[in-house]
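S.K.: can you look at this prediction? I've put the sequence above it.
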Amino acid sequence: MAEAISGAVGAGGNAWVRDVTISNSTYGNRYVRLSDPRQGVHALGGGIGQGVAMGIGAALASHGPKAITLLGDGGTMLGLAEMITAVDEKAPLVYVLMNDQAYGVIENIQDAQYDRRRHYSKVAVPEFGAFCGSIGMPHVKVDRVDAFEAALQAALATEGPRVIEVDMCAIGPFAEAFAGPPAGAAGKKE
């Protein structure tokens, strides 16, 4: 998936928007090469939920090819109403929604730093296909890595906003776990 996105962003000049999500922390900020610094849009400070709206802004401001916005399911739920704006404005963007039915970043931190004791990290997510259908947002669900590139190319080739939902529960965990900053790093005194 990273190769397909990197190819679209690097070669196509698409804006690359990232919310805070395990997918972004694992490869979104690391492996996608931008051909222009103005292509990169991301949340600062670690808060989730800005990605849906940032994607709309980047798409409407770019005057170029579609913006590609990487989201997690937890952050997406904080911006669901903004997706209606994307539809109303016919925003040229593709949302890549990585759905692991959890706050994946939190789970990885809990696994690494708290002996896999997980608390309050599972998320009851909506059926995104039904939600998208209810607001007129085209949606496709991908449950295999090898199906992603074709879904992305199809979404980039059409007008208006699209959601590609990637079923991370079907695909499985990332090969490399993101564990967050070292425990206590925020409160470390020099």
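M.R.: Good, I have the coordinates.
S.K.: now the end-to-end length of stretch 157-165.
M.R.: 17 Å (C-alpha to C-alpha, to the nearest Å).
S.K.: stretch 143-153 too?
M.R.: 16 Å.
S.K.: just the pLDDT at the closest residue to residue 168 other than its chain neighbours, thanks.
M.R.: Take residue 168 and drop its neighbours on the chain: the residue closest to it by C-beta to C-beta, 6 or more residues apart in numbering is residue 100, 3.9 Å away. All C-beta atoms are positioned from the backbone trio N, CA, C, and that covers glycine. Residue 100 carries a pLDDT value of 88.
S.K.: thought residue 100 was touching residue 21?
M.R.: No: using C-beta atoms under 8 Å, residue 100 is not in contact with residue 21; the gap is 9.0 Å.
S.K.: what touches both of the two?
M.R.: Common neighbours of residue 100 and residue 21, counting by C-beta atoms under 8 Å, 6 or more residues apart in numbering, are residue 72.
S.K.: pick out whichever of the two has more residues nearby.
M.R.: The residue with more neighbours, out of residue 100 and residue 21, is residue 21; 27 against 24, by other C-beta atoms under 10 Å.
S.K.: give me phi/psi at the closest residue to the more buried one other than its chain neighbours?
M.R.: In space, and not counting its chain neighbours, residue 21 is closest to residue 72: 3.1 Å by C-beta to C-beta, 6+ apart. For residue 72, the backbone dihedrals (degrees, to the nearest 10) come out as phi -100, psi 170.
S.K.: identify the bridge partners of residue 72.
M.R.: Beta-bridge partners of residue 72, counted by DSSP bridges, are residue 98.
S.K.: quick check: it vs residue 150, distance?
M.R.: 23 Å (C-beta to C-beta, to the nearest Å).
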